[in-house]
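# Quick one, structure for this:
(one chain, ligands or ions: 2)
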Amino acid sequence: MFVSIDGPSGAGKTTIVHHLAQMLVAGGENVHVTAEPSKGPIGKLCRELTETVTGHALACLYAADRYHHMENEIRPFIEEGQTVITDRFIPSGLVMQRFDGIDPAFLWQLNAEVDRPDLAVILEADPEVISERLVERGAHNRFQLSPGSSHAEVHFYRQATERLIQAGFDVMRVDCNERPPEQVASVIRDRLTTFFASPTSNP
Ligand SMILES: Nc1ncnc2c1ncn2[C@@H]1O[C@H](COP(=O)(O)OP(=O)(O)OP(=O)(O)O)[C@@H](O)[C@H]1O
Ligand SMILES: Cc1cn([C@H]2C[C@H](O)[C@@H](COP(=O)(O)O)O2)c(=O)[nH]c1=O
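Ligands and ions are numbered 1, 2, ... in the order given. Next up, the predicted model:
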């Protein structure tokens with residue numbers, strides 16, 4: 001089982017991944033939590049270079065990290081029978097580099113050969129809600145510093161989500177405006193429980 005969690009900065013990805021993993025482990029699942037940029041060599045480069053490298057070069061670097069992450073970490077853990085949860089995956093790749101003006105069609109092509117998650121969760125929240133959370137928590141990157149970035153990101157996510165649905169991804173959109181993180185995680189856990197119960201996920 002492979003689950004990705006994406007959504008605009010401040011929607012709560014890292015918080016939800018933490019709660020969801022705890023709930024699944026408590027329910028007896030073997031869970032491997034990961035994130036992008038990954039901890040691999042290309043992911044390390046991504047972290048070092050995101051503030052200074054822009055545009056197509058950064059988009060290609062993140063896509064390279066995703067392919068390397070998939071081949072060297074995600075697939076092996078899935079093959080071991082673990083549930084892999086990643087904090088950011090393809091949807092982030094379709095969204096973040098749009099801040100540098102990259103064409104969504106180019107981003108789509110770059111990610112075209114990446115394995116699809118069994119469930120792509122998109123956390124949704126209003127721009128005003130997430131920008132307040134970011135002010136309280138503090139910005140993590142240059143994308144969050146420009147005025148109106150939350151509005152732009154929410155817009156990019158809506159477009160990316162529509163594209164993923166159109167391409168046949170199993171997308172779960174979760175409203176994170178009012179719900180506390182534990183409740184958001186339990187809504188996702190309930191959806192995953194239906195996967196675990198299906199005969200194909202327990203051969
Ligand atoms: N459902 C929620 N309700 C209220 N506050 C939340 C919720 N989810 C997360 N938060 C808070 O919002 C802030 C941002 O959460 P978090 O860092 O998990 O977001 P993120 O989407 O991973 O952000 P980034 O993309 O910047 O890494 C944190 O202070 C967190 O405690
Ligand atoms: C997967 C992905 C990530 N990024 C950037 C966005 C942030 O600067 C970091 C992630 O750190 P966070 O603590 O999760 O916010 O990576 C990107 O630009 N493109 C991507 O595809």
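# number of nearby residues for Phe89?
Neighbour count of Phe89, defined by other C-beta atoms under 10 Å: 28. (C-beta placed from N, C-alpha, C; glycine too.)
# who's in contact with Val184?
12, 16, 19, 123, 174, 176 (C-beta atoms under 8 Å, 6 or more residues apart in numbering).
# Would you verify that it is located in a helix?
Yes: applying DSSP: H, G, I helix; E, B strand; the rest coil, one finds Val184 inside a helix.
# returning to that earlier point: could I get the contacts of Val184 as TSV with distance to Ala105?
Converted to TSV, these look like this (distance: C-beta to C-beta, whole Å):
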residue	distance to Ala105
Gly12	29
Ile16	30
His19	35
Leu123	25
Val174	27
Cys176	29
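# Among these, which lie within helices?
Counted as lying in helices by DSSP state H, out of those, are 16, 19.
# which one of the contacts of Val184 has the most neighbours?
Greatest neighbour count in these, by other C-beta under 10 Å, goes to Cys176: 27 neighbours.
# Could you pull up the residues touching it?
Contacts of Cys176 (C-beta under 8 Å, 6+ apart): 7, 11-12, 16, 123-125, 129, 184.
# Can you tell me which of the contacts of Val184 is closest to ligand 2?
In terms of C-beta to the nearest ligand atom, no member of the contacts of Val184 lies closer to ligand 2 than Gly12, at 11.3 Å.
# ok, now which ones touch that closest one?
123, 125, 133, 176, 181, 184.
# what pLDDT does it get?
Confidence at Gly12, expressed as pLDDT, is 97.
# how about it, phi and psi?
Backbone torsions of Gly12, given as degrees, to the nearest 10, read phi 120, psi 20.
# separation between it and Ile102?
Counting by C-beta to C-beta, to the nearest Å, the gap between Gly12 and Ile102 amounts to 25 Å.
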